[in-house]
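*Asks:* Give me a 3D structure for the following:
(2 chains)
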2 protein chains.
Amino acid sequence: MKNIANKACIGVDLGGTNLKTALVSSSGKIIRSGTARVRLDHGAGMVSSKLAGQCRSLIDSAAELGLEVGAVGLGVAGKIDAPRGSVIFSPNLPVLDGYPLGQELQQNLKIPVFMENDANVFGLGESWAGAAKGILNWAGIVLGTGTGGCLFLNGKLWEGDGLGFSAEFGHMIVEPNGPACPCGSKGCLEAFASARALVSGAKKAIMDQGIRHGPLHELESRGKLSAQTIYDCAKKGDPTALALFDKMGWALGICIANIFSALGIKHAVIGGGVSSAWDLFIGPLKIALAQNGSMLDSDTAVISRSILGNDAALIGAARFAFKASSRHRKTTE
Amino acid sequence: MKNIANKACIGVDLGGTNLKTALVSSSGKIIRSGTARVRLDHGAGMVSSKLAGQCRSLIDSAAELGLEVGAVGLGVAGKIDAPRGSVIFSPNLPVLDGYPLGQELQQNLKIPVFMENDANVFGLGESWAGAAKGILNWAGIVLGTGTGGCLFLNGKLWEGDGLGFSAEFGHMIVEPNGPACPCGSKGCLEAFASARALVSGAKKAIMDQGIRHGPLHELESRGKLSAQTIYDCAKKGDPTALALFDKMGWALGICIANIFSALGIKHAVIGGGVSSAWDLFIGPLKIALAQNGSMLDSDTAVISRSILGNDAALIGAARFAFKASSRHRKTTE
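*Replies:* Predicted structure coming up:
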């Protein structure tokens, strides 16, 4: 077995908007990182070659620092076929459906590449070096374009019956016959607590309430509605924007109450880009959790904010690579 | 270590209405059994002495058959302090709150007594010799006066963070601001899918719809509304009664969809007295599961009916006693 003391791994966080890569030390520190815009209209081949280019540049940086890159951990939004290194289905990266992204990268770089769902690598990051460090049983919720989830039981990532999904908290029903979700159901958590839900909620409110002036209407007419701009409106006191974050907190509180009742646990960690609106949704979240989580004293529940922030998935993907390559060596050497 | 080849255990199922006891062989067969009515108005001391009497009679029967009773497994509806052998809180057996029932029985019989929640012993029974035999990951739902639950992960009873509750599926929210539940929340599964929900649902429908004749109205005016009589009405085609079972199936379907989405599993087993209305709720359950469980192909989900029926908790309590006493011997001998 090789000495891994001066080894590093590359973590990749590939979402619908950005491709982020980082060289990560064995203690979970980011040594070098890079970000590129994902241009889905350029096709899967372009995403793949951009990814390979960024990884090669980090391998070069590592060599300059006297570090060897042991493996790449590739976190991708969507349903992943990990053994084959391909994307099965990705609502936010549809050009990648069925594409052997991991396999191609491995052939290209000649080092092992391990793929995992982006919410799971978020969880691996937070449990390695973030808000869930030392916590055995916890649920993770990732508020991004959609709503991802991960579940750790007895300190390990829980993968259920191996059906290709687990911890899909974003698709737990919060309000039957509520707003439509891209998954086909109605009233899922994701239909209340995601960037997409904020934008469609704002559009619906403008229409339903016949709003014809003010900041939200202006944003909509300029095609500038986004989680960030709606947050800015809410911070300035816009009642329609504030109501959307209230509803987000309410839905999160009910969903977390259901997870805690079902599992007899008390820890949740919330991350993802939209979690930066924490100040606007944590109040209503705690009220809904107390009202709907009858089994757990609300003082006992611990709802934490991601510590690693935007780096959680990146660091977790590298963690996944360290762990997977050590298992890989054990079985092949 | 003693020879346990000719050992048996006693299983006890103590609910709000009946006290059931059975002598169970090491292969899970009921050898002798007894049932007594629970009279809560006679106080906890009377329940305790009736329990001891029934156990003593089974110990005598065992002796006649050349069997030694190794331990008693005591399944009680409610929150249990297992190490102290006492009931913490039991909504259906309020006279037992804080009562050291298990401890008293052990002193009385001079054999080890192990206590567990009734839904958990139901699960131990079904996984030992019933519908969940050989299944590693599954959720159990017990439809009785209230709605109990148990969860098995990797073949073991999942107890969460040890907070005194786990698998409280009956208190997962199905419809926010739905009917009030005795737990204090609104729209819990238990408020739709339990004997109590059927009776209060029938009363509410009679009032809301101004029903002044017909079988349900007659039952209500005679104080004879129960899960059984409402079922009988539904079987004769009464639309109000049928709607209650439709709603029960709908709520079960949403709740099971949420459990499957959260855990990435596909097996559920439904038992308890009210599960005998299976023919009336399984159809709407499957429709709601398909509509709300977007992650799982509805053909993949397996919803099974309890095989052990009314004996599940009794057999499971004995199983619990066999397992607990073997651990107990290992640590004390």
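*Asks:* Secondary structure class of A:Gly73, three-state.
*Replies:* Following DSSP: H, G, I helix; E, B strand; the rest coil, A:Gly73 is assigned to strand.
*Asks:* any idea how far it is from A:Gly102?
*Replies:* To A:Gly102, A:Gly73 is 10 Å away according to CB to CB, to the nearest Å. C-betas here are computed from N, CA, C, even on glycine.
*Asks:* Neighbour count: these two, which is higher?
*Replies:* Counted by other CB atoms under 10 Å in any protein chain shown, A:Gly73 and A:Gly102 do not tie: A:Gly73 has more neighbours, with 31 against 28.
*Asks:* Just the pLDDT at the more buried one, thanks.
*Replies:* A:Gly73 is assigned 97 on the pLDDT scale.
*Asks:* Correct me if wrong: it contacts A:Phe114.
*Replies:* Yes. A:Gly73 lies in contact with A:Phe114 (CB atoms under 8 Å); the separation is 5.5 Å.
*Asks:* Mutual contacts of these two, please.
*Replies:* Counting by CB atoms under 8 Å, 6 or more residues apart in numbering or on different chains, the contacts common to A:Gly73 and A:Phe114 are A:Phe320, A:Ala321, A:Ala324.
*Asks:* ok, now which ones touch the last one?
*Replies:* Residues in contact with A:Ala324, defined by CB under 8 Å, 6+ apart, are A:Ala71, A:Gly73, A:Pro112, A:Phe114.
*Asks:* So it versus B:Lys247, what's the distance?
*Replies:* As judged by CB to CB, A:Ala324 and B:Lys247 stand 47 Å apart.
*Asks:* same question, the second one
*Replies:* Taken as CB to CB, the spacing of A:Ala321 relative to B:Lys247 amounts to 49 Å.
*Asks:* Those two - which one has more neighbours?
*Replies:* Neighbour count, other CB under 10 Å: between A:Ala321 and B:Lys247, A:Ala321 has more, with 31 against 22.
*Asks:* And the more buried one, its phi and psi?
*Replies:* phi -70, psi -40 (degrees, to the nearest 10).
*Asks:* again, but for A:Lys247
*Replies:* phi -70, psi -40.
*Asks:* Between helix B:239-263 and the helix or strand hosting A:Phe245, find me the angle.
*Replies:* Per DSSP states H and E, A:Phe245 falls inside helix A:239-263. Angle, helix A:239-263 to helix B:239-263, by axes from the mean of the first three to the mean of the last three CA atoms, to 10 degrees: 90 degrees.
*Asks:* Which other helices and strands does helix A:239-263 contact?
*Replies:* Secondary-structure packing of helix A:239-263 (3 or more CB pairs under 8 Å, 6 or more residues apart in numbering or on different chains; DSSP states H and E): strand A:138-143, helix A:195-208, helix A:215-221, helix A:227-235, strand A:267-271, helix A:278-292, strand B:147-153, helix B:239-263.
*Asks:* which parts of it are buried?
*Replies:* Neighbour counts using 16 or more other CB atoms under 10 Å in any protein chain shown place A:240-242, A:244-263 of helix A:239-263 among the buried residues.
*Asks:* so who does A:Ala321 touch?
*Replies:* Per CB under 8 Å, 6+ apart, neighbours of A:Ala321: A:Cys9, A:Ile10, A:Gly11, A:Gly70, A:Ala71, A:Val72, A:Gly73, A:Pro112, A:Phe114.
*Asks:* part of a strand, is the second one?
*Replies:* Yes. The assignment for A:Ile10 is a strand, going by three-state DSSP.
*Asks:* Up against chain B, what does the stretch 1-150 of chain A have?
*Replies:* With CB under 8 Å from any CB of the partner chain as the criterion, the stretch 1-150 of chain A meets chain B at residues A:Leu136, A:Asn137, A:Gly149.
*Asks:* Torsion angles phi and psi at the closest residue to the second one other than its chain neighbours?
*Replies:* So that's A:Asn137. Among residues not flanking A:Asn137 along the chain, A:Ile265 sits closest, at 4.4 Å (CB to CB, 6 or more residues apart in numbering or on different chains). As for A:Ile265, its main-chain torsions (degrees, to the nearest 10) stand at phi -120, psi 170.
*Asks:* what about A:Ile265, distance to B:Glu159?
*Replies:* With CB to CB as the criterion, A:Ile265 and B:Glu159 are 10 Å apart.
*Asks:* I figured A:Gly184 hits B:Ser294, correct?
*Replies:* Yes. If you go by CB under 8 Å, A:Gly184 and B:Ser294 touch, sitting 5.1 Å apart.
*Asks:* thinking again about what came up before, which one of the helices and strands packed on helix A:239-263 lies closest to A:Leu124?
*Replies:* Checking these against A:Leu124 by CB to CB gives strand A:138-143 as the closest, at 9.7 Å.
*Asks:* Just give the strands next to the closest one in its sheet, each with its orientation.
*Replies:* Strand A:138-143 has its sheet partners listed here by DSSP bridges as strand A:147-153 (antiparallel), strand A:267-271 (parallel).
*Asks:* For stretch A:213-229, C-alpha coordinates in CSV please.
*Replies:* Provided in CSV are the C-alpha atoms of stretch A:213-229 (Å, rounded to 0.1, in the frame of the first residue of the first chain):
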residue,chain,number,x,y,z
HIS,A,213,-46.2,48.1,-9.6
GLY,A,214,-43.5,47.9,-6.9
PRO,A,215,-40.1,46.1,-6.9
LEU,A,216,-41.3,42.5,-7.5
HIS,A,217,-43.4,43.5,-10.5
GLU,A,218,-40.5,45.5,-11.9
LEU,A,219,-38.1,42.5,-11.5
GLU,A,220,-40.6,40.3,-13.2
SER,A,221,-41.2,42.6,-16.2
ARG,A,222,-37.4,42.8,-16.6
GLY,A,223,-37.0,39.0,-16.3
LYS,A,224,-34.8,39.5,-13.3
LEU,A,225,-36.7,37.4,-10.6
SER,A,226,-34.3,35.1,-8.8
ALA,A,227,-33.9,33.8,-5.2
GLN,A,228,-31.4,36.6,-4.6
THR,A,229,-33.5,39.5,-6.0
